[in-house]
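Q: Pasting the sequence and the predicted coordinates here, then a few questions.
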Amino acid sequence: MTHPPVSSARRNFLRQSTAGGASLLLGLHSGGVIAAAGATAPAEGAEFAPNAFIRIGQDGRVTLISKQPEIGQGIKTSLPMIIAEELDVDWKDVRVVQGDLNPVYGSQGAGGSTSTPTNYDNFHRLGATARAILVQAASQAWNVPAAECATAQGSVEHKGSGRKLGYGALVKVAATLPVPDAKGVQLKDPSGYRLLGTRIGGVDNGLVVSGKPLFGIDVKLPGMLYATYVKCPTLGGRPVSANLDAIKAMPGVKDAFIVEGTANLNGLRPGVAILANSTWNALRARKKLDVKWDEGEGANHSWAGFTAQAQALSRQPGAATMRKDGDVNAALAGAAHTVEAAYSYPFISHASMEPQNCTAWFKPDGSLELWAPTQNPGSGQALAASTFDIPKEKITLHITRSGGGFGRRLSSDFIVDAAAISQKVKAPVKLTWTREDDLQQDHFRAGGFHFLRGGVDDAGKLVAWHNHFVTFANRIERKESDGTNNSVLQPGSGGNLSGDEFPGRWAANCLLEQTPIECRIPMGPWRAPGSNVFAWVFHSFIDELAHAAGRDPVEFRLELLGDKDIVPGTGERGQPYSVARMRNVLKAVADKADWGKRKFARGQGAGVAFHFSHRGYVAEVAEVTVSKDGKLTVDRVVVVTDIGAQIVNLSGAENQVEGSVIDGLSTLMGPALDIDKGRIVQSNFHEYPLLRMPDTPTKIESHFLKTDYPVTGLGEPVFPPLAPAVCNAIFAATGKRVRELPLSKTDLSWS
């Protein structure tokens, strides 16, 4: 059979790297324990199980498996760079292959900027262990102590005699040697790094720009059918009947049927499947589809109704108290200056360039094979296993490259959609969502409403902070430990306010409340969940308080942070909050941006914000120009990050910073989903504007503070401070506050 490109590449790598003779194979189990496999060469055409990251052939070529999904964040390049650095090989001799889902690799999700911090140390050990074995092999060949041998650029050299052997010449012996204890292996001193910290282009760049098949949407299988799947336009509805006979009679159509689905909004939702001999014929038949829908409770939803409901709820005590310190009302009554403000933001879509898709093949023996651009392959496998009541071991999942994710592909609904259709027709099926499906049937970023009160004293210090957060939640059935079922309201991803969020723990008088609005709208992770909107709300309101106090915004924030190194309690994702690190990035960004040293004309201004997100400490200054008729130009964005002791790939890191700034500005400017009678009003990009190239910031400066802290990710921490920095700059330029997203809803004109 013909396999899709990613799968065949992987199989070819296994064949080619084993056919020529012995090879050295090292892997990493989920517990972080280094394991070894492989000894003598297998027969021609044999395949090894994918249980390793490193393979070195007798020709000296090094093949590294990348286990994390590549969604444009560059992880397929950066993680193998760590192994290559410790292995001490020339990057030009390295080939990187995408690994399928396999428990031997450990966690394989790509989300929350976790890929680098959870793999960094172990990947160093993998490379160092392989290097140690190769050195041992050379020392045996020369009958000299291993301590007299050193490695460089894919070879081992004996210092005393000058003898030198390439890795390829050593693999036969190396494959027979025991694997040393990884904890005892000597890692390279960072001062000797040749690869890490340099600029390396993405390993797939050439294939991407030349249009080679890499993505889920490129998969092709013999005998494959092409599917479209139509869900109720009213979120949470289900089909009752459809003109299936008429659809089946259309040219190219092979079948059409109703899928009952489940009650899980984030799982297999009910719909109508149409299968054809091409995607074009499936979509053409879809235009003739006539469905009678049971719209359910979701038909009552509207954004206008939600807004009115939130306003009413804001006048009542919160349903839950997330934090209560001191007496907010008394502090506000005694404050020299008080500010009240309401901030709101809409539901939005992920809008990744590659729409959701999956190829599924339910086979006669009950096994399931999947090809999917997923951020969370393990979760996809688990959802398929529970949905179709089959063991996970009978599900093979091939990870394809994703054309963007931003958290959307952490959900796995599109995977079980395709699997359900394949199970029905007993054939391989490629399901491709339309752009309209992607926009209107998303797992959306939850909207929200924040009703804030704050006060400062005569000295301009914060004395009171009150935030009543009205969020959105789905009702779910949860099985308790005693076996009983319990119906609970679960806030959408990023829709749960932590009592530790800045500046909650820093205010002596603080009240954080939360009230959910129940809805039938599917919600899921969206880039930097929670932080992507909380930073905008908090740092915009902090700026309002600084202005009321007559204080410089940077000075006001530094005073708020205080001088403790670690604030008691835990920060985002259970990480301790280091005040010292945040103060350092804030001071550094003020210095890099010449904060307070420049004079701006009316209509120009600078704004500042910082945020701790996904282990990263980031501060940003935005400089803007707003014309009298309200046209905004972001002239400059200065970004300072503290993400630990080492930048893995400088090119990738700069790309992540610049991409976050542009994505943050795009999200601030235009995207919004209106909801009417339970339906998403917007249908495609003409109604859901994203930032175009001429509107991107004129200049983006990336600065990385190198600190003695563990390495962390970068894909998400830079995103949150952008919106408040720009909005605070808009106020400095025009005197107008932005309290509603997107920015297009605010008139920025001034005179």
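A: Now that the structure is in, tell me what you want to look at. Residues are numbered from 1 along each chain as shown.
Q: Need the residue in this protein that's farthest from the chain's center.
A: Distance from the C-alpha centroid of the chain, by CA atoms, centre = their mean, peaks at residue 161 (50.9 Å).
Q: Might you report the residue contacts of it?
A: Residues near residue 161 by CB atoms under 8 Å, 6 or more residues apart in numbering: 142, 144. Yep, even glycine has a C-beta here, placed from its N, CA and C like the rest.
Q: does it sit in a helix, a strand or a coil?
A: Assigned with DSSP: H, G, I helix; E, B strand; the rest coil, residue 161 falls in the coil class.
Q: Look up phi and psi at it.
A: Taking degrees, to the nearest 10, you get phi -100, psi -20 for the backbone angles of residue 161.
Q: Distance check, it against residue 748.
A: 74 Å (CB to CB, to the nearest Å).
Q: if you count residues, which helix in the chain comes out on top?
A: helix 115-142 (DSSP state H).
Q: For residue 641, what are phi and psi?
A: Dihedral angles (degrees, to the nearest 10) for residue 641: phi -130, psi 150.
Q: what are the ranges of the strands in the stretch 351-500 of the chain?
A: For the stretch 351-500 of the chain, strands defined by DSSP state E, counting those that start in this stretch occupy the ranges 357-362, 368-372, 395-399, 429-432, 448-456, 462-479, 485-491.
Q: Quick one: work out the angle between the last one and strand 448-456.
A: Our comparison of strand 485-491 with strand 448-456, counting by axes from the mean of the first three to the mean of the last three CA atoms, to 10 degrees, yields an angle of 60 degrees.
Q: Neighbours of residue 687, how many?
A: 13 (other CB atoms under 10 Å).
Q: Wait, a strand at it?
A: No - in this structure, residue 687 is coil, not part of a strand, as judged by three-state DSSP.
Q: what's the pLDDT at it?
A: In this model, residue 687 is scored at 97, pLDDT.
Q: so how far is residue 695 from it?
A: 18 Å.
Q: same check, this time on residue 415
A: Relative to residue 695, and taking CB to CB, residue 415 is found at 35 Å.
Q: What of residue 641?
A: In terms of CB to CB, residue 641 sits 24 Å off from residue 695.
Q: More neighbours: which of these two?
A: For residue 641 versus residue 695, neighbours defined as other CB under 10 Å are more numerous around residue 641 (27 against 17).
Q: what residue ranges in this protein are flagged as low confidence?
A: 1-51, 567-575 (pLDDT under 70).
Q: Just want to check the distance between the residue nearest to the spatial centre of it and residue 126.
A: Nearest residue to the geometric centre of the chain (CA atoms, centre = their mean): residue 111, 3.8 Å. As defined by CB to CB, residue 111 lies at a distance of 23 Å from residue 126.
Q: okay if I get the strands of the stretch 351-500 of the chain as TSV plus distance to residue 707?
A: Putting the strands of the stretch 351-500 of the chain into TSV (distance: least, CB to CB, whole Å) gives the following:
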stretch	distance to residue 707
strand 357-362	41
strand 368-372	37
strand 395-399	33
strand 429-432	45
strand 448-456	32
strand 462-479	27
strand 485-491	34
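Q: Of all those strands, which one comes closest to residue 69?
A: strand 395-399 (5.2 Å; CB to CB).
Q: in the closest one, what counts as buried?
A: Within strand 395-399, the residues that count as buried by 16 or more other CB atoms under 10 Å are 395-399.
Q: Run me through the strand neighbours of that strand, direction for each.
A: Strand 395-399 sits in its sheet next to strand 368-372 (parallel), going by DSSP bridges.
Q: can you give me the angle the partner strand makes with strand 357-362?
A: Using the same axes, to 10 degrees, strand 368-372 lies at 170 degrees relative to strand 357-362.
Q: Other residues contacting strand 368-372?
A: Under CB under 8 Å, 6+ apart, the answer for strand 368-372 is 4, 6-7, 216, 219, 357-363, 380-381, 384, 388, 390, 394-400, 414-415, 418-419, 422.
Q: Any idea how far that strand is from the middle of the chain?
A: Computed by CA atoms, centre = their mean, to the nearest Å, the separation of strand 368-372 from the middle of its chain amounts to 22 Å.
Q: likewise stretch 610-628?
A: Centre to centre, stretch against its chain (CA atoms, centre = their mean), the figure for stretch 610-628 is 19 Å.
Q: That one: which residues count as buried?
A: For stretch 610-628, the neighbour count (16+ other CB under 10 Å) marks 610-626 as buried.
Q: Sort out for me which of those residues are in helices.
A: Those of the buried residues of stretch 610-628 lying in helices (DSSP H): none at all.
Q: Where strands are concerned, which of those count?
A: Among the buried residues of stretch 610-628, DSSP state E puts 610-613, 616-626 in strands.
Q: Send over stretch 100-109 as CSV, restricted to the C-alpha atoms.
A: What follows is stretch 100-109, C-alpha atoms only, in CSV (Å, rounded to 0.1, in the frame of the first residue of the first chain):
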residue,chain,number,x,y,z
ASP,A,100,4.6,8.7,15.6
LEU,A,101,2.7,8.4,18.9
ASN,A,102,4.6,5.9,21.0
PRO,A,103,4.7,5.5,24.8
VAL,A,104,8.5,5.0,24.7
TYR,A,105,8.8,8.7,23.8
GLY,A,106,7.0,9.9,26.9
SER,A,107,4.8,12.9,26.7
GLN,A,108,4.2,14.1,23.1
GLY,A,109,1.9,17.0,23.5
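Q: I'd like to know which of the strands of the stretch 351-500 of the chain lies nearest to residue 667.
A: It is, among the strands of the stretch 351-500 of the chain and with distance given as CB to CB, strand 448-456, at 14.0 Å.
Q: so how far is that closest one from its chain's centroid?
A: That offset, for strand 448-456, works out to 29 Å (CA atoms, centre = their mean).
Q: Paired strands for it, with orientation please.
A: strand 337-345 (antiparallel), strand 462-479 (antiparallel).
Q: Nearest to residue 327, out of those?
A: Nearest of the strands paired with strand 448-456 (CB to CB): strand 462-479, 8.7 Å.
Q: can you count the residues close to residue 699?
A: Neighbours of residue 699 (other CB under 10 Å): 10.
Q: ok, now which ones touch the closest residue to it other than its chain neighbours?
A: Closest residue to residue 699 apart from its sequence neighbours, by CB to CB, 6 or more residues apart in numbering: residue 636 at 4.5 Å. By CB under 8 Å, 6+ apart, the residues touching residue 636 are 593, 621-623, 697-701.
Q: One more: residue 582?
A: 561, 610, 612, 617, 619.
Q: do residue 730 as well
A: Contacts of residue 730 by CB under 8 Å, 6+ apart are 605, 607, 624, 626, 632, 736, 738, 748.
Q: Could I get those residues in JSON lines, plus columns for distance to residue 292?
A: Listed next are those as JSON lines, based on distance: CB to CB, whole Å:
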{"residue": "605", "distance to residue 292": "55"}
{"residue": "607", "distance to residue 292": "52"}
{"residue": "624", "distance to residue 292": "51"}
{"residue": "626", "distance to residue 292": "51"}
{"residue": "632", "distance to residue 292": "46"}
{"residue": "736", "distance to residue 292": "49"}
{"residue": "738", "distance to residue 292": "44"}
{"residue": "748", "distance to residue 292": "46"}
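Q: In strands, which of these fall?
A: Filtering the contacts of residue 730 for strands - DSSP E - leaves 605, 607, 624, 626, 632.
Q: any idea which of the contacts of residue 730 has the most stuff around it?
A: residue 624 (28 neighbours).
Q: tell me which residues in stretch 292-312 are buried?
A: 293, 295, 298-299, 301-303, 306, 310.
Q: sorry, that was for stretch 453-469
A: Quick answer for stretch 453-469 (16+ other CB under 10 Å): 453-456, 460-469.
Q: quick check, nearest of those to residue 524?
A: Checking those one by one against residue 524 (CB to CB), the nearest turns out to be residue 469, at 19.0 Å.
Q: Surely that closest one and residue 449 touch.
A: Yes - counting by CB atoms under 8 Å, residue 469 sits close enough to residue 449 to count as a contact (7.3 Å).
Q: Identify the contacts common to those two.
A: Counting by CB under 8 Å, 6+ apart, nothing touches both residue 469 and residue 449.
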